[in-house]
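Structure, please.
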Amino acid sequence: MLASFDAVLLARIQFAFTVSFHFLFPAFTIGLASYLAVLNGLWLWTKHHKYLDLFRYWVKIFALAFAMGVVSGIVMSYQFGTNWAVFSDRAGPVIGAPMAYEVLSAFFLEAGFLGIMLFGREKVGPKLHMAATAIVALGTVFSAFWILSVNSWMHTPAGFSIDPDTGQFLPENFWEIIFNPSFPYRLMHTVTAAYLTTAFIVGGVAAFHLLRRRRRGEVASEATRTMFSMAMWMAAIVAPIQIFLGDLHGINTLEHQPAKVMAMEGHYESHPEGAPLYLFGIPNDETQTLDYAVGIPRLSSLILLHNLNAPLAGLDTIPDDEQPPVGIVFWSFRVMVALGFAMLGIGAWSLWARWRGRLFEAPWLHRAALAMAPSGLIAVLAGWITTEVGRQPYTVYGMLRTAESAAPLDAAAVGTSLVAFIVVYFAVFGAGTFYIMRLMSRPPVFDEPRLKDVTKGPTRTAGITPAIEETMRRPDAAHPGE
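Presented below is the predicted three-dimensional model:
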């Protein structure tokens, strides 16, 4: 099957596979690092042991996800020098510096303070440990800043000139390169998506334990209830913000990459007096029509231009060789939007249950939250597929075509390495993900020998104060039987 593909298509598939696998981990760890900082801060402020239990529970999962994100990301840098050597040579003078800054600033912050965050609480003291945790969280956002700046420049290139002899992109204005037209929107949309992704994973794990305890006829621990409550607050607050930011990002994309929006909307034909919003249809690139279309008249013009009667151009205004693959973009966009509104629904549902005082006694809400646990990861992948496939046929939009960016490699060599990547990634990262799932299946209860010592007699584990013992003796305290 792979033998029928050319080297460029195989190189695209290979990079798409590795970057999709990689970004699942940063999409989770960016939000999880901030969640850990909040938990650590609440522990220092309130001294309530549930926050320390939750910190210890999630910090192990963070360490594994962070490590897999780093390892999976290294592979992509090598692909720039192998499969995409021409792109690296042409665009390197512009994108090389921001990518180096990501390592020098963001990654060094994360790696430098990660050890203190993981193992240094008893060694450096609570304040410095809190500072290290906050710095790791800040480092994840810095990393997203630089990487998204590079990616955004590829979509909306600015601040450069082209060498007439070599064809290289040469930097002219550093600030215009970094803060290119689409960067602020892509940064806000992506980072907010990471927080929302984390909220639904945390909420799904908490819902799992709530349902399991309910099935056993037991009351869930206070740590589990707190975990679910915090996740639902995040979903209720961030989901509408994310939808609003997505709308702003879409309007910016219409201005700078209209063909992508045409593909997202399924607009093969121009609409001079208001464009419909197609809810469903089967894109047909051969006939340039959206078959079996089901839409709402003029709603697309209202969303994109805030005017029911505003005209919208279609793909009939774009040359055939500059159109993106409509089918992939059309459906991936709808998956992302559908999941976004489902998240909004879960957030609203949780507010209703909270107002009624039944947030922890609403099994159908818990089942829905559990089912939605991976929704953020799926939505993130769908969003990136929309963004990157919608940029085709360019790597640097309007300036450098994808077919001109690839190295002169043999298709068999690229296909062989692609198969090797698939096998190794699923084996290595599949095992890591399985172990993370095992950790999530355990309740947020720690130091079981300490708890047993407390319940059996006066002997205490070192460092456990009488006040904490009293907290653990309370009926609502976490215990090993969860």
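
So which helix or strand of the protein has the lowest pLDDT on average?
Ranked by mean pLDDT, DSSP states H and E, the weakest helix or strand in the chain is helix 448-456, scoring a mean of 37.

Contacts only, for A7.
Shown in contact with A7 (C-beta atoms under 8 Å, 6 or more residues apart in numbering): A406, L409, D410, A411, A413, V414. All C-beta spots, glycine's among them, are computed from the backbone N, C-alpha and C.

and with 6 Å instead?
L409, A411, V414 (C-beta atoms under 6 Å, 6 or more residues apart in numbering).

Likewise for V380?
Taking C-beta under 6 Å, 6+ apart as the test, what V380 contacts is A27, A193.

Assumed it was part of a helix.
Yes. Per DSSP: H, G, I helix; E, B strand; the rest coil, V380 lies within a helix segment.

can you pull out the strands in the stretch 51-200 of the chain?
160-162, 169-171 (DSSP state E, counting those that start in this stretch).

Can I get those strands in CSV including distance to A431 and mean pLDDT?
Formatted as CSV, the strands of the stretch 51-200 of the chain follow (distance: least, C-beta to C-beta, whole Å; pLDDT from 0 to 100):
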stretch, distance to A431, mean pLDDT
strand 160-162, 43, 91
strand 169-171, 41, 92
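
So which of those is nearest L308?
Proximity to L308 (C-beta to C-beta) singles out strand 160-162 among those, at 39.0 Å.

for that closest one, packing partners?
Judged by 3 or more C-beta pairs under 6 Å, 6 or more residues apart in numbering; DSSP states H and E, the packing partners of strand 160-162 are strand 169-171.

Of all the residues in the strand it packs on, which ones are buried?
Buried residues in strand 169-171, counted by 16 or more other C-beta atoms under 10 Å: F169.

in this structure, which helix has the most residues?
If you go by DSSP state H, the chain has its longest helix at helix 7-46.

can you tell me the average pLDDT over that one?
Helix 7-46 carries an average pLDDT of 89.

quick one: it to chain centroid distance?
Mean-position distance between helix 7-46 and its chain equals 6 Å (C-alpha atoms, centre = their mean, to the nearest Å).

Highest neighbour count among the contacts of A7?
V414 (24 neighbours; other C-beta atoms under 10 Å).

okay, now the nearest residue to V59 once chain neighbours are set aside: neighbour count?
Of all residues beyond its chain neighbours, the one nearest V59 is L36 (5.9 Å), with distances taken as C-beta to C-beta, 6 or more residues apart in numbering. Neighbour count for L36, taken as other C-beta under 10 Å: 23.

which regions of the stretch 1-150 of the chain lie under the pLDDT threshold?
1-4 (pLDDT under 70).

Helices along that one, start to end?
7-46, 49-81, 85-101, 108-119, 121-124, 126-155 (DSSP state H, counting those that start in this stretch).

Kindly state which of those is positioned closest to S229.
Closest among the helices of the stretch 1-150 of the chain, once you apply C-beta to C-beta, is helix 49-81, at 10.9 Å.

picking that back up, can you put the strands of the stretch 51-200 of the chain in TSV and add distance to P181?
Shown next, in TSV, are those (distance: least, C-beta to C-beta, whole Å):
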stretch	distance to P181
strand 160-162	13
strand 169-171	16
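
Of all these, which one is nearest D53?
D53 lies closest to strand 169-171 among these, at 49.3 Å (C-beta to C-beta).

for that closest one, packing partners?
Packed next to strand 169-171, using 3+ C-beta pairs under 6 Å, 6+ apart, are helix 85-101, strand 160-162.

what packs against the first one?
What that stands for is helix 85-101. Using 3+ C-beta pairs under 6 Å, 6+ apart, helix 85-101 sits against helix 126-155, strand 169-171.

at 8 Å instead, please
helix 49-81, helix 126-155, strand 169-171, helix 174-178, strand 394-396, strand 400-401 (3 or more C-beta pairs under 8 Å, 6 or more residues apart in numbering; DSSP states H and E).

which one of these is the most hemmed in?
strand 394-396 (a mean of 22; mean count of other C-beta atoms under 10 Å).

What pairs with it, parallel or antiparallel?
strand 400-401 (antiparallel) (DSSP bridges).

The strand it pairs with: how far from the chain's middle?
On C-alpha atoms, centre = their mean, the centre of strand 400-401 falls 27 Å from that of its chain.

How about residues contacting it?
Applying C-beta under 8 Å, 6+ apart, the set of residues contacting strand 400-401 is F87, R90, A91, P393, Y394, T395.

quick one: the second one and D163 touch, right?
Which is R90. No. Look at R90 against D163 with C-beta atoms under 8 Å: they stay out of range, at 9.4 Å.

ok, these two, which is more surrounded?
R90 (23 against 11).

who are the neighbours in contact with the more buried one?
By C-beta under 8 Å, 6+ apart, R90 lies in contact with G167, Q168, F169, V396, L400, S405.

give me that answer again for 10 Å
84, 162-163, 166-169, 395-396, 399-400, 404-405 (C-beta atoms under 10 Å, 6 or more residues apart in numbering).

got CSV for these, with distance to L302 too?
Converted to CSV, the contacts of R90 look like this (distance: C-beta to C-beta, whole Å):
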residue, distance to L302
W84, 40
I162, 39
D163, 45
T166, 47
G167, 43
Q168, 43
F169, 38
T395, 33
V396, 33
M399, 33
L400, 35
E404, 39
S405, 38
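
now, among the residues you listed, which is nearest to V419?
For the contacts of R90, the nearest to V419 is W84 (19.0 Å; C-beta to C-beta).

one step back: need the helices of the stretch 1-150 of the chain in JSON lines with distance to F174, can you?
Below are these laid out as JSON lines (distance: least, C-beta to C-beta, whole Å):
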{"stretch": "helix 7-46", "distance to F174": "25"}
{"stretch": "helix 49-81", "distance to F174": "21"}
{"stretch": "helix 85-101", "distance to F174": "8"}
{"stretch": "helix 108-119", "distance to F174": "21"}
{"stretch": "helix 121-124", "distance to F174": "37"}
{"stretch": "helix 126-155", "distance to F174": "11"}
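
All the helices of the stretch 301-450 of the chain, in order from the start?
326-355, 363-371, 375-389, 411-440, 448-456.

closest to K123 out of these?
helix 448-456 (19.6 Å).
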